[in-house]
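**Student:** Sequence below, structure please.
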Amino acid sequence: MSAESAEPYRSDEELANIVLWETVLTQLEDNLESFLEGQSLTQQARDVAADWEPPAELGPLPAELLTRARLLAKAQTRAYAQLRSESRTNRKQSLLIRSVPGPAASAVYLEVDG
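**Tutor:** Numbers count the residues shown, from 1 in each chain. Sure thing, here's the model as predicted:
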């Protein structure tokens, strides 16, 4: 009997694609984690979107990373919903603040003899 490996044979190209996908997923997970940790969410969203670009040579998603990618997509969807909710709340608060009249003009003279 020959001992066959449980891992199917992979070409160098397939292995490189797996490593590249792992790197991409890690970057996206790190971006999501930093987004959820603090700062202004709007600014963080802008920074993350501005700084990240997918690699041009990214091949098809390897099957063994599918679960990880799906979990990441769900977490990103939840973060997007949180961002939308906070954005709506900020807009409502801004409208409320703008509806309050500003300070009245102060009197120029003060009557002291009364």
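**Student:** Least confident secondary structure element in this protein?
**Tutor:** Using mean pLDDT, DSSP states H and E, the weakest-scoring helix or strand in the chain turns out to be helix 41-51, at a mean of 66.
**Student:** Which strands or helices does the helix or strand following that one pack on?
**Tutor:** For helix 41-51, the following helix or strand on the C-terminal side (DSSP states H and E) is helix 66-99. Applying 3 or more CB pairs under 8 Å, 6 or more residues apart in numbering; DSSP states H and E, one finds that helix 66-99 contacts helix 12-37, helix 41-51. (Each C-beta comes from the backbone N, C-alpha and C, glycine too.)
**Student:** Now do the longest one, average pLDDT.
**Tutor:** This points to helix 12-37. Averaged across helix 12-37, the pLDDT comes to 87.
**Student:** between that helix and helix 66-99, how many degrees?
**Tutor:** With axes from the mean of the first three to the mean of the last three CA atoms, to 10 degrees as the basis, helix 12-37 and helix 66-99 are set at 30 degrees to each other.
**Student:** Give me the buried positions along helix 12-37.
**Tutor:** Neighbour-count burial for helix 12-37 flags Asn17, Ile18, Leu20, Trp21, Val24, Leu25, Leu28, Asn31, Leu32, Phe35 (criterion: 16 or more other CB atoms under 10 Å).
**Student:** Wait, Asn17 touches Pro60, no?
**Tutor:** Yes. The pair formed by Asn17 and Pro60 meets the contact definition of CB atoms under 8 Å, at 7.4 Å.
**Student:** List the contacts of the residue nearest the centre of the chain.
**Tutor:** For the chain, Leu32 is the residue whose C-alpha lies nearest the centre (CA atoms, centre = their mean; 4.6 Å). Under the criterion of CB atoms under 8 Å, 6 or more residues apart in numbering, the contact list for Leu32 reads Leu72, Ala75, Gln76, Ala79.
**Student:** With Gln27 instead?
**Tutor:** Trp52.
**Student:** on that earlier part again, with Val100 as the reference, measure out to the residue nearest to the centre of the chain.
**Tutor:** When CB to CB, to the nearest Å is the yardstick, Leu32 and Val100 sit 37 Å from each other.
**Student:** on that earlier part again, okay if I get the helices and strands packed on helix 66-99 as a markdown table plus distance to Val112?
**Tutor:** Supplementary listing: the helices and strands packed on helix 66-99 in a markdown table, determined by distance: least, CB to CB, whole Å:
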| stretch | distance to Val112 |
| --- | --- |
| helix 12-37 | 58 |
| helix 41-51 | 51 |
